[in-house]
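Q: sharing a model that was predicted from the sequence below.
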Amino acid sequence: SKIKEGLQKTKESMMSKVDAVLNSFTKIDEDFLEELEETLIMSDVGVSTASDICEKLRAKIKETGATDPQEVKGLLKEIISDMLTEEEPFHMDTQPSIIFVIGVNGAGKTTTIGKMAANFKSQGKKVLVAAADTFRAAAIDQLEVWTQRSGVDLVKHQEGADPAAVVFDSIEAAKARHADVLLIDTAGRLHNKKNLMDELHKMFRIVSQKAEGCDVEVLLVLDATTGQNAVSQAELFKEAADITGIVLTKLDGTAKGGIVIAIKNHLGLPVRFVGVGEKIDDLQPFVPQDFVEALFE
Ligand code: GDP
């Protein structure tokens, strides 16, 4: 599957390191557990999550009476699987349902919106896209290319226009045109953090008010290749909007897929989709069980 392919590098790197630890110890002791924890940290699972995993592992070892390091692999799989347990699903029951997409420039917002628009369209949904990144003309153009390719409508203003006004108009338009789903693209200039967060907050307030009663999903797009940095970014963005889910892009090009576990365990946010390539069908719904199977098979 695409998830399996996308996770290839993560699997090779993370699991071969884990296997190396399992193979270099003959019994389960403190040294073994410490080395395992270090390995998890090196695999972008993050310090606090690696520590949580090892704490749970200690309990499981006690519980099962395991003595052989090889038994630990199965226990690890159980622990990670439990950590990623399914969340409340993505609700898109209202007309319109709104997906507000945030994240730093380059993370893959526009591409993700293009892929989602095509996906929803192919499911027979009426899709509207809003270009609320008004700072770069190129961003509006890029979104236009994606929407034309998949044949969905775009709401846009001039470059430099107030992004909150684009959000406002797009919600009006989505209601008037009976769209099933409205996808809102936003700016992500991180060099002006305060402005960006204020502006996102303003847009988020408009979404919350104007789309009252609608299903609203706030998706933060994170670039998996940035590893633990992505987790720090999420902490920052959490202050501007009530994030309800994560899209993790560029999983195909990285060995840092371990951050999926940190995102869920450390941030408490579900990964909704993963990007496994640049093409239109390279966005996959994230199924925790598939992720765990792909890593441990
Ligand atoms: P934005 O600034 O957040 O809107 O980011 P873009 O959507 O413009 O994406 C930045 C770059 O990342 C582009 O070159 C995309 O083709 C690439 N990209 C986005 N998602 C993925 C993915 O899942 N895999 C790969 N390999 N590249 C991706």
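A: Noted; the coordinates are in hand.
Q: how much space separates the closest residue to residue 105 other than its chain neighbours from the ligand?
A: Counting by CB to CB, 6 or more residues apart in numbering, residue 105 lies nearest to residue 188, which is 4.4 Å off, once chain neighbours are set aside. C-beta coordinates here come from the backbone N, C-alpha and C atoms, glycine included. Applying CB to the nearest ligand atom, to the nearest Å, the value for residue 188 to the ligand is 6 Å.
Q: OK, contacts around residue 188?
A: Going by CB atoms under 8 Å, 6 or more residues apart in numbering, residue 188 touches 102, 103, 104, 105, 106, 107, 109, 133, 196.
Q: mark which of these are buried, thanks.
A: Using 16 or more other CB atoms under 10 Å as the burial test, those include 102, 103, 104, 105, 107, 109, 133, 196 as buried.
Q: wait, isn't the first one in contact with residue 217?
A: I take that to be residue 102. No: using CB atoms under 8 Å, residue 102 is not in contact with residue 217; the gap is 11.2 Å.
Q: just to revisit the earlier point, in JSON lines, list the contacts of residue 188 along with distance to the ligand.
A: As requested, the contacts of residue 188 are arranged in JSON lines below (distance: CB to the nearest ligand atom, whole Å):
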{"residue": "102", "distance to the ligand": "9"}
{"residue": "103", "distance to the ligand": "6"}
{"residue": "104", "distance to the ligand": "7"}
{"residue": "105", "distance to the ligand": "4"}
{"residue": "106", "distance to the ligand": "5"}
{"residue": "107", "distance to the ligand": "4"}
{"residue": "109", "distance to the ligand": "3"}
{"residue": "133", "distance to the ligand": "7"}
{"residue": "196", "distance to the ligand": "13"}
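Q: who are the contact partners of residue 87?
A: residue 270.
Q: ditto for residue 42
A: residue 17.
Q: which element is the residue nearest to residue 105 on?
A: Using DSSP states H and E, residue 188 maps to neither a helix nor a strand.
Q: pLDDT score assigned to it?
A: pLDDT, residue 188: 91.
Q: next one: phi and psi at it?
A: phi -140, psi 40 (degrees, to the nearest 10).
Q: check which residues of stretch 194-209 are buried.
A: Neighbour-count burial for stretch 194-209 [16+ other CB under 10 Å]: 196, 197, 199, 200, 203, 204, 206, 207, 208.
Q: can you get me a residue count around the nearest residue to the last one once chain neighbours are set aside?
A: Meaning residue 208. Leaving aside its sequence neighbours, residue 208 sits nearest to residue 216 (CB to CB, 6+ apart; 7.2 Å). Residue 216 is flanked by 21 other residues according to other CB atoms under 10 Å.
Q: now residue 108
A: Neighbours around residue 108, by other CB under 10 Å: 24.
Q: and what of residue 147?
A: Based on other CB under 10 Å, the number of other residues close to residue 147 is 24.
Q: is it true that it touches residue 114?
A: Yes: in this structure residue 147 lies within contact range of residue 114 using CB under 8 Å: 7.4 Å.
Q: span of stretch 267-287 from start to end?
A: 18 Å (CA to CA, to the nearest Å).
Q: likewise stretch 147-165?
A: 20 Å.
Q: in this structure, which residue sits nearest the ligand?
A: residue 275 (2.3 Å; CB to the nearest ligand atom).
Q: can you count the residues close to that residue?
A: Neighbours of residue 275 (other CB under 10 Å): 25.
Q: tell me what the nearest residue to it once chain neighbours are set aside is bridged to.
A: In this structure, residue 275 finds its nearest non-sequential neighbour in residue 249, 3.5 Å apart by CB to CB, 6+ apart. Residue 249 has these beta-bridge partners by DSSP bridges: residue 223.
Q: how close does residue 249 sit to residue 226?
A: Per CB to CB, to the nearest Å, residue 249 is found 10 Å from residue 226.
Q: which one's more surrounded, those two?
A: residue 249 (30 against 19).
Q: per-residue pLDDT, the more buried one?
A: 97.
Q: isn't there a helix covering residue 157?
A: No: using DSSP: H, G, I helix; E, B strand; the rest coil, the assignment for residue 157 is coil, not a helix.
Q: ok, residue 134 touching residue 164?
A: No: counting by CB under 8 Å, residue 164 is not a contact partner of residue 134; they are 9.8 Å apart.
Q: quick check: phi and psi on the residue nearest to residue 208?
A: According to degrees, to the nearest 10, residue 216 has phi -120, psi 130.
Q: what's across from it in the sheet?
A: Here residue 216, judged by DSSP bridges, has bridge partners residue 98.
Q: from residue 144, how far out is the residue nearest to residue 105?
A: Distance, residue 188 to residue 144, by CB to CB: 18 Å.
Q: what residues does the stretch 151-297 of the chain have near the ligand?
A: Residues of the stretch 151-297 of the chain lying close to the ligand (CB under 6 Å from any ligand atom) are 188, 249, 250, 252, 253, 275, 276, 277, 278, 282.
Q: good, we can wrap up now.
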